[in-house]
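**Student:** fold the stuff below for me.
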Amino acid sequence: MALGLEGMRPRYAPFLRTLADRGPCSIRDLAAATSVTHSAASQTAAQLATEGLVTVGRGEDARQRLARLTSRARGMLPPLDAEWQATAAAAAAFEAELSHALGELVEEAIAVLGRSPLRDRIAGIAPHLTLRRRGRPATPVRNPVGPA
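**Tutor:** Numbering: from 1, shown residues only. I've put the predicted structure just below:
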């Protein structure tokens, strides 16, 4: 329960805020807006519906599902917006104390990993540890340090 709001979880906030800003959205659009997979957005929408925070129904195309805020969710928006603004202010104050802008560093790290994922970097350094993407290990993987 976030902010003492019954049925509210922190992971719901980006979905509720997106629906408040854009109106009814397809699960695909919610996934894109919140930077999660379609599967994660679908699961979250189902949880939101179970909590009575959204309704999910058919869109223009029978294959498309649209999520809409309920009146209960709309009533939660003022405290959610206040918490969002307070969080942004606290994050800005925190970042001001750092030697490097954390937001810029995170964006840079995401871009670098987008060019060369960590999995590929590990394979380049220790190819004998590389697992096939599907199935069993290509070769036995042994921990050179011993049991964890």
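**Student:** from here on, just use CA atoms for contacts and neighbour counts.
**Tutor:** Will do.
**Student:** next, give phi and psi for the closest residue to Ala73 other than its chain neighbours.
**Tutor:** Excluding its sequence neighbours, the residue lying closest to Ala73 (C-alpha to C-alpha, 6 or more residues apart in numbering) is Leu53, at 4.8 Å. Here is the backbone geometry of Leu53 (degrees, to the nearest 10): phi -100, psi -20.
**Student:** quick check, Leu53 in contact with Met76.
**Tutor:** No - contact criterion C-alpha atoms under 8 Å: Leu53 and Met76 do not qualify, at 9.2 Å.
**Student:** tell me which of those two has more neighbours.
**Tutor:** For Leu53 versus Met76, neighbours defined as other C-alpha atoms under 10 Å are more numerous around Leu53 (24 against 17).
**Student:** give me every residue that touches the more buried one.
**Tutor:** By C-alpha atoms under 8 Å, 6 or more residues apart in numbering, Leu53 lies in contact with Leu69, Thr70, Ser71, Arg72, Ala73.
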